[in-house]
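Participant: one predicted model, sequence on top.
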Amino acid sequence: MKQILMAGAALALGGGMALAQVAAPQGPPPQGVPPAPSAAPAFSPQQREEIVSILREALRSDPSILRDAIGAVQEAQRREQADAQRAALAASRDALFNDARDPIKGNPRGDVTIVEFFDPRCGYCKALHPNMQSLLQRDRNIRVVMKDLPILGPASVVASRALLAAQKQGKYEPLYDALLRLRTEPTEGVIQAEAQRAGLDWPRLRRDMDDPAIMERIQGNMALAQRLQLEGTPALVIGETLVPGAVELPELERLVAEARRRG
């Protein structure tokens, strides 16, 4: 757009004269006097009208100018967001990978770690679930850190509280698998049935769900997600790469192989 303005202004002021030529004083500055900084030319109302007319005609005859300008702005914003996310990932490595309170799936000593942010009611998380299961079955050297991120309302918070309470009985993964397979709302009655089916002590689970430490962990996950500028669930961190959304198995395997190469 800046180039269009410059071209339009030049045409309006004399058919090809550059703005610098219009703004700059003619001839060398007086001896002993430093050159004054060039000032923007003061356009008359008629000149401004001509510039606007040139711009309108340029956009009318070639709309791709505006499309390209918008695309350039969007690409710059994407790069800026990606840079900010990379910096946030680097600054949050301990919180992502080394929080001893987090549930672990797969191989606890795996050479590649995946961090999975999920909401137990999220449809895309449910779509990702079988792909992650297949990945862990095919590659026994992957460690998965689970980050409960209940962003879809009170029912999601209840389900996440149940999952983190189940961790105290060593049954996080069975209840997680059950809730991610659900095609109904995880009401307390549904959670009770699934928990008992998974071998959990329901009265104990129900008491543990009210432990303030569980809500503190959920709030910590929320704060971490905000620092990483996550826009929804699921979201994966694979090595040094942030992957938003549900991912198919071949792409998961490619990302794991890339993380393994990087060491």
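Facilitator: Perfect, thanks for sending it. Computed from a predicted model, the values in this text were never measured in an experiment.
Participant: show me where the chain has its helices.
Facilitator: 2-12, 19-23, 45-61, 64-91, 93-97, 123-138, 154-167, 172-181, 188-197, 202-208, 212-227, 249-262 (DSSP state H).
Participant: could those go into CSV alongside distance to residue 112 and mean neighbour count?
Facilitator: From N, CA and C alone the C-beta is placed, and that goes for glycine too. As requested, the helices of the chain are exported to CSV (distance: least, Cβ to Cβ, whole Å; neighbours: other Cβ atoms under 10 Å):
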stretch, distance to residue 112, mean neighbour count
helix 2-12, 45, 16
helix 19-23, 55, 14
helix 45-61, 50, 13
helix 64-91, 15, 12
helix 93-97, 11, 14
helix 123-138, 10, 17
helix 154-167, 23, 23
helix 172-181, 19, 20
helix 188-197, 30, 16
helix 202-208, 32, 15
helix 212-227, 20, 15
helix 249-262, 5, 15
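Participant: out of those, which comes closest to residue 147?
Facilitator: Taking Cβ to Cβ, helix 212-227 is the member of the helices of the chain nearest to residue 147, at 4.9 Å.
Participant: tell me what the closest one is packed against?
Facilitator: Secondary-structure packing of helix 212-227 (3 or more Cβ pairs under 8 Å, 6 or more residues apart in numbering; DSSP states H and E): helix 93-97, strand 142-148, helix 154-167.
Participant: try 7 Å this time
Facilitator: Applying 3 or more Cβ pairs under 7 Å, 6 or more residues apart in numbering; DSSP states H and E, one finds that helix 212-227 makes contact with strand 142-148, helix 154-167.
Participant: figure out which of the helices of the chain is closest to residue 107.
Facilitator: Smallest distance to residue 107 across the helices of the chain (Cβ to Cβ): 8.3 Å, for helix 123-138.
Participant: in the chain, what helix or strand scores lowest on average pLDDT?
Facilitator: helix 19-23 (a mean of 34; mean pLDDT, DSSP states H and E).
Participant: once you drop chain neighbours, what's closest to the most centrally placed residue in the chain?
Facilitator: For the chain, the residue nearest the mean C-alpha position is residue 230 (3.8 Å; Cα atoms, centre = their mean). Once flanking residues are discounted, residue 230 sits nearest to residue 117: 6.2 Å by Cβ to Cβ, 6 or more residues apart in numbering.
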